[in-house]
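> Any chance you could fold what I've pasted below:
(one chain, ligands or ions: 2)
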Amino acid sequence: MLELRLSLLSFLSKTCRSGMMSNSALNLMLLSYLRLPPQRFAFPAIISSLCFVLTVLFLRLYPSDDLQYSRINTDIDAPFISGCQDPIAAAKAHPREKAAIVMLARNSEFSGILRSIESIEQRFNRYFNYPYVLLNDKKFNSTIRAAVRNATSSLVEFGQIPEAVWNFPSWTNRSLVQEAIALQGDRSILYGGMESYHKMCRFYSGFFYKHELLAKYEWYWRLEPDVSFYCDITYDPFVYMAKHNKVYGFNIAVKESSETVPSLFRYVTYYKRKHNIQSKGLWEMFITEESKHGSHNDDFEAMEAMEGESYNLCHFWSNFEIARLDFFRSPEYEALFNTIEDSGGFWNERFGDAPIHSLATGLFLSPSQLHYFRDIGYRHSDIPHCPANTPGKQLPRPPVPPGSNHNAEPWDKPRKGGVGCRCQCPIDLPEIEVTSGSCINQWVDVIGGWV
Ligand SMILES: Nc1nc2c(ncn2[C@@H]2O[C@H](COP(=O)(O)OP(=O)(O)O)[C@@H](O)[C@H]2O)c(=O)[nH]1
Ligand SMILES: [Mg+2]
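Residues are numbered from 1 along each chain as shown. Ligands and ions are numbered 1, 2, ... in the order given. I've put the predicted structure just below:
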């Protein structure tokens, strides 16, 4: 009977999820609930609405705890740990890697800075005690310094970014650049009119890893103000990245808005061609389906058309990154950055550091050197990724320090195939994996597909 119910539910939900590309609120709610992999085609809204109603009715009649959390092929990348382990024992089991949690922030972001640090402390760092490096183009004020030091028992270092690094490079014509930025504002390009945002993207593209406070580290975890972590992280991600020969880890992959990077792909493919770089299997994640199937010819026009390839705008969202610093410190990455810098696209366009980091992984790395931290529940702005909890692998929380405001709420019910530990997922925000802006399908394609 249970088998029959599950088969029927699976049929209904498979039919329903085909409507997800229509992105209707109903479909998103359902997909977020069912956590099934998204499909690439859309049924007419009437069919997807009908199956939505049928599925909800069915679930109300026969609630099923056996519903599977969607599974990804694990041959070349899998969550390091599914479910919980004892984080105190895990922290004792290995020496820490040379790693830091790095945050660039402004003095005006006081409460967001603290919210992020409290969240990562509660879910991870109170066990593992990684140091923090906070960077700013101005001097951090004493209120922020004191509040951050008070929020953690780890080492905290505050650094100021030299003016010569943060500001427009000397070769730019300042008034022309300012005009170009103002024009992007007039065209309502996201953050296009903000000088400071252009500077931030350039800093994260080509300079953060050279800051003197990061010189002693081999790894970093990028943190931003005002983000949340939804699950407990009871293992050391740096240790596991090292053990599995991983270079770059991400949590969310989405599409960039095209008007911010009209010419970025042109310069990156120019670099690829000039240095005769062959894909190691990841580049395909970033090119459109048409380019994968299009015929390639070598005449001048095809070269101009970027080898017949075009950018699908996918990128790893760089507000969360756990990565090796030597990836960025390599001569290849430096040369790539210089090509992009010379294009003027940090100013005349609004090149983001996320598509730059991502295309660099596509040029230099193989899929097996990347890691999807699918088990880490995370939110930035109103985009969350939150996994289901692993059945049979949830453990009670270690005691929280007396007087702390650490969350003591119960966690979500586990689900078959779930990979999370004590996750408490949001119910008011649609899961990014199942929305049409997500690039998880493109990632899954290069590592072996959905199971
Ligand atoms: N110090 C400093 N940090 C900045 C500036 N602009 C952005 N940031 C930081 O850069 C990161 C990305 O900026 P944010 O405003 O969150 O952009 P979004 O995540 O793309 O919406 C955050 O960590 C910000 O605190 C700036 O002018 N000065
Ligand atoms: Mg942000």
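> residue ranges with poor pLDDT in the stretch 1-150 of the chain?
Under the criterion pLDDT under 70, the flagged ranges of the stretch 1-150 of the chain are 1-46, 48, 51-52, 55-56, 58-66.
> what are the ranges of the strands in it?
For the stretch 1-150 of the chain, the strands defined by DSSP state E, counting those that start in this stretch cover 99-104, 132-136.
> Would you mind listing what in the protein touches ligand 1?
Leu104, Ala105, Arg106, Glu109, Asn136, Asp137, Ser196, Tyr197, Met200, Glu224, Pro225, Asn319 (CB under 6 Å from any ligand atom). (Glycine included, C-beta is placed from N, CA and C.)
> gap between the residue of the chain found nearest ligand 1 and Asp86?
Ligand 1 sits closest to Ser196 of the chain, with a gap of 3.3 Å, by CB to the nearest ligand atom. Note on Ser196: its distance to Asp86, by CB to CB, to the nearest Å, is 43 Å.
> the helices in the stretch 301-450 of the chain, which residues?
Along the stretch 301-450 of the chain, counting by DSSP state H, counting those that start in this stretch, helices occupy 325-328, 331-343, 353-364, 440-447.
> Tell me which of these is the most buried.
helix 353-364 (a mean of 24; mean count of other CB atoms under 10 Å).
> Specify which residue of Ser196 and Asp86 has the higher count of neighbours.
Asp86 (14 against 11; other CB atoms under 10 Å).
> residue contacts, Tyr248?
Phe316, Glu321, Ile322, Ala323, Arg324, Phe327, His357, Thr361, Leu365, Gln369, Leu370, His371 (CB atoms under 8 Å, 6 or more residues apart in numbering).
> Take those and lay them out in CSV including pLDDT.
Shown next, in CSV, are the contacts of Tyr248 (pLDDT from 0 to 100):
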residue, pLDDT
Phe316, 98
Glu321, 98
Ile322, 99
Ala323, 98
Arg324, 98
Phe327, 98
His357, 99
Thr361, 99
Leu365, 98
Gln369, 98
Leu370, 98
His371, 98
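> circling back: rebuild the helices of the stretch 301-450 of the chain as CSV, extending it with distance to Ile47.
Compiled in CSV, these are given as follows (distance: least, CB to CB, whole Å):
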stretch, distance to Ile47
helix 325-328, 46
helix 331-343, 45
helix 353-364, 35
helix 440-447, 21
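> roughly how far apart are the closest residue to Ala242 other than its chain neighbours and Gly377?
Excluding its sequence neighbours, the residue lying closest to Ala242 (CB to CB, 6 or more residues apart in numbering) is Glu97, at 6.0 Å. According to CB to CB, Glu97 and Gly377 sit 22 Å apart.
> repeat for Leu223
15 Å.
> Equivalent analysis for Pro414, please.
Distance from Pro414 to Gly377, by CB to CB: 14 Å.
> And the two? Which one has more around it.
Shown here are Pro414 and Gly377; by other CB under 10 Å, Gly377 has more neighbours (28 against 19).
> contacting residues around the more buried one?
Gly377 neighbours (CB under 8 Å, 6+ apart): Phe229, Tyr230, Cys231, Pro384, His385, Cys386, Pro387, Gly420, Cys423, Gln424, Cys425.
> Next, format those residues as a markdown table and append pLDDT.
Shown next, in a markdown table, are these (pLDDT from 0 to 100):
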| residue | pLDDT |
| --- | --- |
| Phe229 | 98 |
| Tyr230 | 98 |
| Cys231 | 98 |
| Pro384 | 97 |
| His385 | 98 |
| Cys386 | 97 |
| Pro387 | 97 |
| Gly420 | 98 |
| Cys423 | 97 |
| Gln424 | 96 |
| Cys425 | 95 |
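> Is it possible to get JSON lines of these that adds neighbour count?
JSON lines is the format used below for these (neighbours: other CB atoms under 10 Å):
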{"residue": "Phe229", "neighbour count": "24"}
{"residue": "Tyr230", "neighbour count": "23"}
{"residue": "Cys231", "neighbour count": "25"}
{"residue": "Pro384", "neighbour count": "22"}
{"residue": "His385", "neighbour count": "25"}
{"residue": "Cys386", "neighbour count": "26"}
{"residue": "Pro387", "neighbour count": "29"}
{"residue": "Gly420", "neighbour count": "31"}
{"residue": "Cys423", "neighbour count": "24"}
{"residue": "Gln424", "neighbour count": "18"}
{"residue": "Cys425", "neighbour count": "21"}
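> In strands, which of the residues you listed fall?
Applying DSSP state E to the contacts of Gly377, the entries found in strands are Phe229, Pro384, His385.
> in the sheet, who's paired with the first one?
The residues paired with Phe229 through beta bridges, assigned by DSSP bridges, are Tyr378.
> and it, how far is that from Arg123?
Relative to Arg123, and taking CB to CB, Phe229 is found at 4 Å.
> quick one, what contacts the closest residue to His406 other than its chain neighbours?
Among residues not flanking His406 along the chain, Val400 sits closest, at 4.0 Å (CB to CB, 6+ apart). For Val400, the contacting residues are Gln122, His406, Ala408, by CB under 8 Å, 6+ apart.
> circling back to that earlier point, quick one: the strands of the stretch 1-150 of the chain as TSV, columns for mean neighbour count and distance to Glu341 too.
Converted to TSV, the strands of the stretch 1-150 of the chain look like this (neighbours: other CB atoms under 10 Å; distance: least, CB to CB, whole Å):
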stretch	mean neighbour count	distance to Glu341
strand 99-104	24	19
strand 132-136	21	20
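> quick one: which of the contacts of Val400 has the most company?
The contacts of Val400, ranked by neighbours (other CB under 10 Å): first place Gln122, 18 neighbours.
> Spit out the contact partners of it.
Gln122 neighbours (CB under 8 Å, 6+ apart): Phe229, Val400, His406, Asn407.
> wouldn't the first one be in contact with Glu121 here?
No: between Phe229 and Glu121 no contact is recorded; they are 9.6 Å apart, counting by CB atoms under 8 Å.
> So for Ser404, what's the pLDDT?
With respect to pLDDT, Ser404 has a value of 73.
> Next up, the contacts around it.
So Ser404 contacts nothing (CB under 8 Å, 6+ apart).
> run the last query once more with 10 Å
Glu118, Glu121, Gln122, Arg126 (CB atoms under 10 Å, 6 or more residues apart in numbering).
> Counting only helices, which of these make the cut?
Of the contacts of Ser404, the ones assigned to helices by DSSP state H are Glu118, Arg126.
> Out of the strands of the stretch 1-150 of the chain, which gets nearest to Thr339?
strand 99-104 (23.7 Å; CB to CB).
> export stretch 224-242 as PDB, just CAs?
The C-alpha trace of stretch 224-242 is given here as PDB (Å, rounded to 0.1, in the frame of the first residue of the first chain):
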ATOM      1  CA  GLU A 224      29.100  38.600   4.400                       C
ATOM      2  CA  PRO A 225      27.000  40.800   6.700                       C
ATOM      3  CA  ASP A 226      23.400  39.700   7.200                       C
ATOM      4  CA  VAL A 227      23.500  36.100   6.100                       C
ATOM      5  CA  SER A 228      22.100  33.100   8.000                       C
ATOM      6  CA  PHE A 229      23.100  29.500   8.500                       C
ATOM      7  CA  TYR A 230      20.200  27.100   8.900                       C
ATOM      8  CA  CYS A 231      22.000  23.800   9.800                       C
ATOM      9  CA  ASP A 232      24.700  22.800  12.200                       C
ATOM     10  CA  ILE A 233      28.100  22.100  10.600                       C
ATOM     11  CA  THR A 234      29.600  19.500  12.800                       C
ATOM     12  CA  TYR A 235      32.800  18.800  10.700                       C
ATOM     13  CA  ASP A 236      35.700  20.900   9.600                       C
ATOM     14  CA  PRO A 237      35.100  21.900   6.000                       C
ATOM     15  CA  PHE A 238      38.700  23.000   5.500                       C
ATOM     16  CA  VAL A 239      40.000  19.600   6.600                       C
ATOM     17  CA  TYR A 240      37.600  17.800   4.300                       C
ATOM     18  CA  MET A 241      38.400  20.000   1.400                       C
ATOM     19  CA  ALA A 242      42.100  19.300   1.800                       C
END
